[in-house]
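> Pasting the sequence and the predicted model now:
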Amino acid sequence: MSKQAGFGGGCHWCTEAVFSSLKGIVSVEQGWIASDGENSSLSEGVIVTYEDDIMPFETLIAIHLYTHSSTSMHPMRDKYRSAVYTFNEGDRRQALDIIRALQPEFDKPLITRVLPFVSFTRSRQELLDYYFSDPTKPFCELYINPKLKLIMERFLNAADHDKLQHLT
């Protein structure tokens, strides 16, 4: 069964590449996500449609926490909000439980928030599929490849090895 969740925390090029490199992912839409209240401004992120029986929500959240600065409250947090955006109350509760359960794996407190999804603006066409259109770009090699290598090492069964064969 297909489900959706939003993720933000770092550059949407990085986040798009991370989720696009996983098994069970139907689609990854790169762009800008807003929630409500103090989080109503647009922040870089992705909307991920995934097959929950292949790629469980808890694995998606764990990968998200490990592939961005989920414990750092740096000055760019407005543009790069560390968040899991949910589309219903059940997913919100599950995401909160998952983050609480993963906290002991990190040396510092996780700052990643669970927020209701409110709106999304897709990136311009020329920015989509940034990594997989040319993984040899300096930005990709410097920032994205280390995240993808981490997935292949730490989340071996989640990685789509066909998409990541250039890293081995």
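Cool, the structure landed. Note that the coordinates shown come from a computational prediction; the quantities given were computed from them, not determined experimentally.

> the longest helix in this protein is where?
Counting by DSSP state H, the longest helix found in the chain is helix 89-102.

> Just the C-alpha atoms of that one, please, in PDB.
Provided in PDB are the C-alpha atoms of helix 89-102 (Å, rounded to 0.1, in the frame of the first residue of the first chain):
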ATOM      1  CA  GLU A  89      -2.800  11.800  13.000                       C
ATOM      2  CA  GLY A  90      -1.800   8.100  13.000                       C
ATOM      3  CA  ASP A  91       1.400   8.800  11.100                       C
ATOM      4  CA  ARG A  92       2.100  11.800  13.400                       C
ATOM      5  CA  ARG A  93       1.900   9.600  16.500                       C
ATOM      6  CA  GLN A  94       3.900   6.900  14.900                       C
ATOM      7  CA  ALA A  95       6.600   9.400  13.800                       C
ATOM      8  CA  LEU A  96       6.900  10.800  17.300                       C
ATOM      9  CA  ASP A  97       7.200   7.300  18.700                       C
ATOM     10  CA  ILE A  98       9.900   6.400  16.200                       C
ATOM     11  CA  ILE A  99      12.000   9.500  16.900                       C
ATOM     12  CA  ARG A 100      11.700   8.800  20.600                       C
ATOM     13  CA  ALA A 101      12.900   5.200  20.100                       C
ATOM     14  CA  LEU A 102      15.800   6.300  18.000                       C
END
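
> Just the buried residues of that helix, please?
Within helix 89-102, the residues scored as buried using 16 or more other CB atoms under 10 Å are 91-92, 94-95, 98-99, 102. The way it works is simple: take the backbone N, C-alpha and C, and place the C-beta from them, glycine included.

> same thing with stretch 153-168?
Neighbour counts using 16+ other CB under 10 Å place 155, 158-159, 163-164 of stretch 153-168 among the buried residues.

> low-confidence ranges in this structure?
For the chain, the stretches flagged by pLDDT under 70 are 168.

> re the thing from before, quick one: name whatever helix or strand follows the longest helix of the chain.
Where DSSP states H and E defines the elements, the next helix or strand beyond helix 89-102 is strand 113-116.
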